[in-house]
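S.K.: generate a structure from the sequence data that follows.
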Amino acid sequence: MNPVEIKDLPGLVGQEVGVSDWVEITQERVNQFAEATGDHQWIHVDVERANREIGGPIAHGYLTLSLIPFMGQGMLPVKGVTRGINYGSDKVRFVNMVRVGKRVRMRQKLIGAEPKAGGMQLKNECTIEIEGEDKPACIAETISIVYGG
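M.R.: Have a look, this model is predicted:
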């Protein structure tokens with residue numbers, strides 16, 4: 001997508017603004033997330049047990065969610081932005097598990113844009129798809145504010 005002016009963002013509401021590249025979910029990434037968060041549940045980190053009992057380890061739901069900023073980089077370029085902040089989320093649903101070794105990507109749709117706190121508040125619907133599967137891993141409505149100079 002070509003860069004847009006902040007004032008033009010409301011005109012993009014309802015449009016898909018981009019699709020990310022595929023990102024592989026490796027066991028190393030899952031283990032690093034477990035270390036960072038202290039969530040060492042066996043379904044994520046005990047590969048032998050997970051293979052035996054559930055068909056293989058699965059990524060943490062919050063690991064999947066945490067990939068949104070990375071996968072969304074550059075998806076909606078806005079001219080003159082001096083900073084942007086994460087303002088939160090309205091809805092987050094983990095609708096399918098991501099098995100280690102799978103690849104995920106994100107589709108982003110702008111669902112809201114309105115002036116707020118001297119900037120423009122953006123609401124995006126982020127759908128994280130799993131390669132080769134019909135049901136997405138996660139659907140999240142994220143909120144951010146961008147400020148111009």
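
S.K.: how about stretch 132-140: buried residues?
M.R.: Buried residues in stretch 132-140, counted by 16 or more other CB atoms under 10 Å: 136, 137, 138, 139, 140. All C-beta spots, glycine's among them, are computed from the backbone N, C-alpha and C.

S.K.: let's verify the fourth one: helix, strand, or coil?
M.R.: This points to residue 139. With DSSP: H, G, I helix; E, B strand; the rest coil as the basis, the three-state label of residue 139 is strand.

S.K.: so it sits right up against residue 96, yeah?
M.R.: No - here residue 139 does not reach residue 96: they are 10.0 Å apart, not a contact under CB atoms under 8 Å.

S.K.: am I right that residue 145 is in contact with residue 88?
M.R.: No - contact between residue 145 and residue 88 fails when scored by CB under 8 Å: they sit 10.2 Å apart.

S.K.: which of these two has more neighbours?
M.R.: residue 145 (17 against 9; other CB atoms under 10 Å).

S.K.: what about the residue lying closest to that one once chain neighbours are set aside, neighbour count?
M.R.: Spatially, and ignoring its direct neighbours in sequence, residue 145 is nearest to residue 119 (4.5 Å; CB to CB, 6 or more residues apart in numbering). Residues near residue 119, counting by other CB under 10 Å, number 19.
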